[in-house]
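K.L.:
For reference, the sequence and a predicted model appear below.
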Protein chains: 2
Amino acid sequence: MNSGGPKRVTQRDVARAVGVTSATVSYALNGQPGVSDELRQRILEVAAGMGFRPSRLAVGLRVGRTNTLGLLLPDVANPFYPELASGVIDAAAEEGLQVFVSQVGLDGRDHLPTVTALVDSHCEGLLFTAVLPEDTPMLTELQARGIPFGLINRRIDGFAADWVGIDDRAAAKELTSVVLGGRRRVAIFGGPERSSVSAGRTAGAVAACEEAGLVPLPDGRSGDLTRESGAERARELFAAKGPVDLVICGNDVIALGVIDVCYDLGLSVPDDVAVTGFDDMSFASAGPLRLTTVEVPRQEMGRQAVRSLLDRLGGYDGEPRVVQLPHQVRRRSTA
Amino acid sequence: MNSGGPKRVTQRDVARAVGVTSATVSYALNGQPGVSDELRQRILEVAAGMGFRPSRLAVGLRVGRTNTLGLLLPDVANPFYPELASGVIDAAAEEGLQVFVSQVGLDGRDHLPTVTALVDSHCEGLLFTAVLPEDTPMLTELQARGIPFGLINRRIDGFAADWVGIDDRAAAKELTSVVLGGRRRVAIFGGPERSSVSAGRTAGAVAACEEAGLVPLPDGRSGDLTRESGAERARELFAAKGPVDLVICGNDVIALGVIDVCYDLGLSVPDDVAVTGFDDMSFASAGPLRLTTVEVPRQEMGRQAVRSLLDRLGGYDGEPRVVQLPHQVRRRSTA
DNA sequence: CTGAAAGCGCTTACAG
DNA sequence: CTGAAAGCGCTTACAG
């Protein structure tokens, strides 16, 4: 049942056409010595004319290198990741590396099947964007197998690995301090508490509150990084305790949900309720919204992660590289 | 200079450990007959214990199938694509196929190097999301090589190929008719005219205007699908001809740029200037924005494209499959 | 400067 | 039920 699969032109086809052996074609194409200039020229022409392209499978198998990286992204509903991916893909391409982008379950659950597929495909290195503490055994296994990897954004407490991100705690503390003003009733709507990023942001916001001598409301401190979750938490909190003065959100998407609810309830932002986001997603700066948030260098995070990974692939075997990129508080109109 | 590359456990390692030949391990692992149940059991255990995973490179080379699809996305600044990609990746995963996601240059220019890399990697089929007429030779070459592919969203006039998208012209016409009301001074800010999608949307908007007996302003009918482009065109148009009654934009991002300018100029939306987008990106429904737009089933488009491609891979060799999915006009507050 | 041969890690007829 | 052998498409020492 050959379904008429693609008929590839092989090196042997080229060799036959030129009247040499396949090895000679290989030498010619790879710029190895041992082929006269004329012959090389002729081989190159014939190969191009026949549309020959070396099989990456065969080359990878033979040489033991595939020039391929794997990137694991959680659910794409969160616009945070595409830009990060863009940085990774671009930086990799500049080094002649291809990237296998794979989607892992929502919120990064269940990395294992994806990682397995990537390793089976001989990815030379892996980049994770949404690890959770329970991924530790899988990462340890990767280390045992000698497959280098790096973490982007989230990391795992007490697990040493290459990482690039920002200082989420400091950023959240800074943001909170800046917008606090005289507001006393403040709520924190964070992301999943098992995420190091979300945990850091929440901790920073709490710290800023405490420094100002107030305790944030206990509700909603962790939850999903979605608009629905932000809306739901806002509705519940406002219903139970009335509108608050300020809601510090774990990301821009949560903030959008909170603002949706304010809008529905006829509450003015920021006069009745101030709201901050995090990440500075593209929509955050839109005229009618002008969300106060923190800019995170997503693209650059991706690029730097590729750089660290390349060093590992190049044989660097030293201490984990921890790269903390600068962030930027963007104070706009919502707080 | 072996940089300590990963040491894979091979089938032979397993075979040696069990004391059989590598072929037997292969039979056992692939559920082929010819191995006693006990032996099979033992092989499976040992293989699992050693962490053996068959090399996709070797299997692909030998079997001639890689179970890999290639997906080509343009620049990710446009949030349209990630969701589409998500549909593709999920649908492919359900069929046991991995997806190589590759980024092509902004606006889909220069597909060739990416396609080449994907073909070199033995992708069994390709999915394009942002083709332009100048990509025709490349697509023809793919056909000649017997590599099936499908187009998503954009297509090429007069080029027959599997395609899935919506009826952009009809959708734009419907949207425009719905929001036109008594407005007479209307501008159309479309995307790149060489994009079939943008061309269709612009044509639909023009048609609706003509049906209403008015001619849209000639400025800005094509441009980039970016916020900057929307803002720039709005500033120029407003400066040259004063504010218009209605701006029909080629996508939500352009609309955001227009709204930014209205906001800066103190123009009320929709009272002074009505604005519509296209795509219903997630931010479009946000409380303070409530953009009037058209919902496009991005995820479903990805899924359907995978389905058509799988049929091709399964040997279907008939007429190109054209799948036109339903759209939905979302009338909110900006027009 | 060129050719014959081995081998990367698998699968698959083919003998026993 | 099991083993030996060929071959997928390359690269790379090794002879000539």
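P.N.:
Noted; the coordinates are in hand. Numbers count the residues shown, from 1 in each chain, chains lettered A, B, ... in the order given.
K.L.:
So what's the residue count around the spatially closest residue to A:Val296 that is not a sequence neighbour?
P.N.:
Once flanking residues are discounted, A:Val296 sits nearest to A:Asp279: 5.2 Å by C-beta to C-beta, 6 or more residues apart in numbering or on different chains. Quick note: C-beta positions are derived from backbone N, CA and C, even for glycine. Burial measure for A:Asp279: 25 neighbouring residues, criterion other C-beta atoms under 10 Å in any protein chain shown.
K.L.:
Can you list phi and psi of the residue of the stretch 201-335 of chain A found nearest DNA strand D for me?
P.N.:
Residue nearest to DNA strand D within the stretch 201-335 of chain A (C-beta to the nearest atom of the strand): A:Leu313, separated by 16.5 Å. In terms of degrees, to the nearest 10, the main-chain angles of A:Leu313 are phi -60, psi -30.
K.L.:
sorry, back to before: thinking the residue nearest to A:Val296 is in contact with A:Asp252, fair?
P.N.:
Yes: contact between A:Asp279 and A:Asp252 holds when scored by C-beta atoms under 8 Å: they sit 5.0 Å apart.
K.L.:
what residues are up against A:Gly250?
P.N.:
Shown in contact with A:Gly250 (C-beta atoms under 8 Å, 6 or more residues apart in numbering or on different chains): A:Phe189, A:Gly190, A:Gly191, A:Ser198, A:Arg201, A:Thr202, A:Gly223, A:Leu225, A:Phe278.
K.L.:
Take these and keep only those in strands.
P.N.:
If you go by DSSP state E, the contacts of A:Gly250 have A:Phe189 in strands.
K.L.:
Just the contacts of A:Gly250: which are in helices?
P.N.:
A:Ser198, A:Arg201, A:Thr202 (DSSP state H).
K.L.:
close enough to count as contact, A:Val206 and A:Pro216?
P.N.:
Yes: the pair A:Val206 / A:Pro216 is scored as a contact, 6.0 Å apart, by C-beta under 8 Å.
K.L.:
okay, and the common contacts of those two?
P.N.:
Between them, A:Val206 and A:Pro216 share the contacting residues A:Ile188, judged by C-beta under 8 Å, 6+ apart.
K.L.:
Could I get the full set of strands for chain A?
P.N.:
A:68-73, A:98-103, A:125-128, A:149-152, A:163-166, A:186-189, A:246-249, A:274-276, A:293-295, A:322-325, A:328-330.
K.L.:
residues in contact with the third one?
P.N.:
Contacts to strand A:125-128, defined as C-beta under 8 Å, 6+ apart, come from residues A:69-72, A:88, A:111, A:115, A:118-119, A:135, A:139, A:142, A:147-152, A:154, A:305-306, A:309-310, A:312-313.
K.L.:
So what's the model's average confidence on it?
P.N.:
The average of the pLDDT scores along strand A:125-128 is 98.
K.L.:
Parallel or antiparallel, list what pairs with it.
P.N.:
Strand A:125-128 sits in its sheet next to strand A:68-73 (parallel), strand A:149-152 (parallel), going by DSSP bridges.
K.L.:
In that strand, which residues are buried?
P.N.:
A:Gly125, A:Leu126, A:Leu127, A:Phe128 (16 or more other C-beta atoms under 10 Å in any protein chain shown).
K.L.:
JSON lines for these, including distance to B:Leu267?
P.N.:
Listed next are the buried residues of strand A:125-128 as JSON lines, based on distance: C-beta to C-beta, whole Å:
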{"residue": "A:Gly125", "distance to B:Leu267": "51"}
{"residue": "A:Leu126", "distance to B:Leu267": "50"}
{"residue": "A:Leu127", "distance to B:Leu267": "45"}
{"residue": "A:Phe128", "distance to B:Leu267": "46"}
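K.L.:
Out of those, which comes closest to chain B?
P.N.:
Chain B has its nearest neighbour among the buried residues of strand A:125-128 in A:Gly125, at 9.7 Å by C-beta to the nearest C-beta.
K.L.:
Against which helices or strands is the helix or strand bottoming out on mean pLDDT in chain A packed?
P.N.:
Using mean pLDDT, DSSP states H and E, strand A:98-103 stands out as the lowest-scoring helix or strand of chain A, at a mean of 87. Under the contact definition 3 or more C-beta pairs under 8 Å, 6 or more residues apart in numbering or on different chains; DSSP states H and E, strand A:98-103 sits against strand A:68-73, helix A:80-94, helix A:112-120, helix B:80-94, strand B:98-103.
K.L.:
most packed of those?
P.N.:
strand A:68-73 (a mean of 25; mean count of other C-beta atoms under 10 Å in any protein chain shown).
K.L.:
got the CA positions of that strand in CSV?
P.N.:
The C-alpha atoms that make up strand A:68-73 are tabulated as CSV, following Å, rounded to 0.1, in the frame of the first residue of the first chain:
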residue,chain,number,x,y,z
THR,A,68,17.4,20.6,16.4
LEU,A,69,16.1,22.1,19.7
GLY,A,70,12.9,21.4,21.4
LEU,A,71,10.7,24.1,23.0
LEU,A,72,7.9,23.3,25.3
LEU,A,73,5.0,25.7,25.6
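K.L.:
tell me how far it is from the chain's mean position?
P.N.:
10 Å (C-alpha atoms, centre = their mean, to the nearest Å).
K.L.:
again, but for stretch A:66-83
P.N.:
5 Å.
K.L.:
distance between the ends of it?
P.N.:
Taking C-alpha to C-alpha, to the nearest Å, stretch A:66-83 runs 25 Å from one end to the other.
K.L.:
What mean pLDDT does that stretch get?
P.N.:
Rounded mean pLDDT across stretch A:66-83 is 86.
K.L.:
close to DNA strand D, is that stretch?
P.N.:
No: Stretch A:66-83 is not in contact with DNA strand D by C-beta under 7 Å from any atom of the strand; minimum separation 12.0 Å.
K.L.:
what about that stretch, near DNA strand C?
P.N.:
No: if you take C-beta under 7 Å from any atom of the strand as the test, stretch A:66-83 misses DNA strand C, and the best it gets is 12.0 Å.
K.L.:
nearest residue to A:Gly5 other than its sequence neighbours?
P.N.:
Nearest one to A:Gly5, counting by C-beta to C-beta, 6+ apart, is B:Gly64 at 6.2 Å.
K.L.:
Please work out how many residues are found near that neighbour.
P.N.:
Counted with other C-beta under 10 Å, B:Gly64 comes out at 14.
K.L.:
for it, phi and psi?
P.N.:
According to degrees, to the nearest 10, B:Gly64 has phi 80, psi 10.
K.L.:
care to break chain A down by domain?
P.N.:
Following automatic domain parsing, chain A resolves into domains at A:11-54, A:67-166+A:298-328, A:168-295.
K.L.:
Run the chain-centre distance for the first one.
P.N.:
If I follow you right, that is domain A:11-54. For domain A:11-54, the distance to the chain centre is 41 Å (C-alpha atoms, centre = their mean).
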